[in-house]
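Asker: Predicted coordinates and the sequence they were generated for:
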Amino acid sequence: MLKCEQNLNEVEQKVSIMPSNENILLDKNRIVWLVVGVFIGVIMGVGGMTLRKQVQPAPIVIVPPEPTATPEPTSTPGPIRVFVNGQVAEPAVYELPPGSLVEAAIEAAGGFAAGADTAVVNLAQPLSDGVQVYVPSEEENVPAPLAVVSKPNTSSATTSTESSAAVGLININTATIEELDSLPGVGPSTAQKIIEYRESNGSFAAIENIMDVTGIGEAKFEKIKDQITVGE
């Protein structure tokens with residue numbers, strides 16, 4: 001009897017040591033939630049890293065502008081000098097702005113003098129450096145189409161062999177009105193008088209004979225004597 005009771009007690013102890021079905025189910029549930037928790041933690045960690053990458057602003061790249069080409073300096077045109085003579089108030093050499101017209105030259109010289117033939121003066125004609133503006137008188141009877149602006153004579157100018165005995169010299173016996181007009185102090189009307197004189201009196205024997213032409217005195221002869229010839 002006593003032995004049976006001992007065996008029964010051992011069985012009960014063993015049964016009490018063995019886990020019950022409820023304990024086993026509870027352990028399984030704990031394992032499942034643990035796995036789910038780990039899985040959720042992994043997902044949240046990966047998502048957080050991805051979100052941080054997306055939130056980070058793009059790097060700022062500073063691109064310096066391309067250097068602009070420095071424009072080459074351009075020369076500013078200087079003033080021009082124009083000789084104004086004839087029937088003007090104050091004949092002289094005047095300094096005018098570039099691109100000036102004959103009108104500006106006449107105004108600089110004090111305007112037309114009494115008896116000036118204004119009909120042959122083209123006030124809108126442009127000027128260049130070194131030109132001469134000659135205003136004839138009404139008594140000279142200069143044709144209206146004749147220009148009153150003449151370019152300066154240069155030694156490099158090409159002249160015909162008939163009108164020049166040497167390079168740069170104008171033959172006053174054969175020169176045209178344009179060639180005579182290029183002489184300093186000789187305007188279109190005086191050039192016309194030179195031609196009319198030689199047609200009436202024959203060729204000039206010496207360059208000094210040009211002073212026989214009305215309007216050419218010693219002062220004007222001194223200006224042109226080194227630029228004229230009578231040929232051989």
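Answerer: Everything's here; your move.
Asker: how about the strands in this structure?
Answerer: Using DSSP state E, the strands of the chain run over residues 80-86, 92-96, 132-135, 149-150, 170-171, 228-229.
Asker: Let's have these in TSV, adding mean neighbour count.
Answerer: Quick note: C-beta positions are derived from backbone N, CA and C, even for glycine. Shown next, in TSV, are the strands of the chain (neighbours: other CB atoms under 10 Å):
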stretch	mean neighbour count
strand 80-86	21
strand 92-96	15
strand 132-135	26
strand 149-150	20
strand 170-171	24
strand 228-229	22
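Asker: Turn the ones you listed into TSV, including mean pLDDT.
Answerer: Shown next, in TSV, are the strands of the chain (pLDDT from 0 to 100):
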stretch	mean pLDDT
strand 80-86	88
strand 92-96	91
strand 132-135	85
strand 149-150	60
strand 170-171	86
strand 228-229	88
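Asker: Dump those to JSON lines, plus distance to V35.
Answerer: Converted to JSON lines, these look like this (distance: least, CB to CB, whole Å):
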{"stretch": "strand 80-86", "distance to V35": "102"}
{"stretch": "strand 92-96", "distance to V35": "103"}
{"stretch": "strand 132-135", "distance to V35": "112"}
{"stretch": "strand 149-150", "distance to V35": "110"}
{"stretch": "strand 170-171", "distance to V35": "121"}
{"stretch": "strand 228-229", "distance to V35": "124"}
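Asker: For V120, find the nearest of those strands.
Answerer: Distance to V120, taken as CB to CB, is lowest for strand 132-135 among those, at 8.5 Å.
Asker: coming back round to it: select, out of the strands of the chain, the one closest to I195.
Answerer: Using CB to CB, the strands of the chain put strand 170-171 closest to I195, at 12.3 Å.
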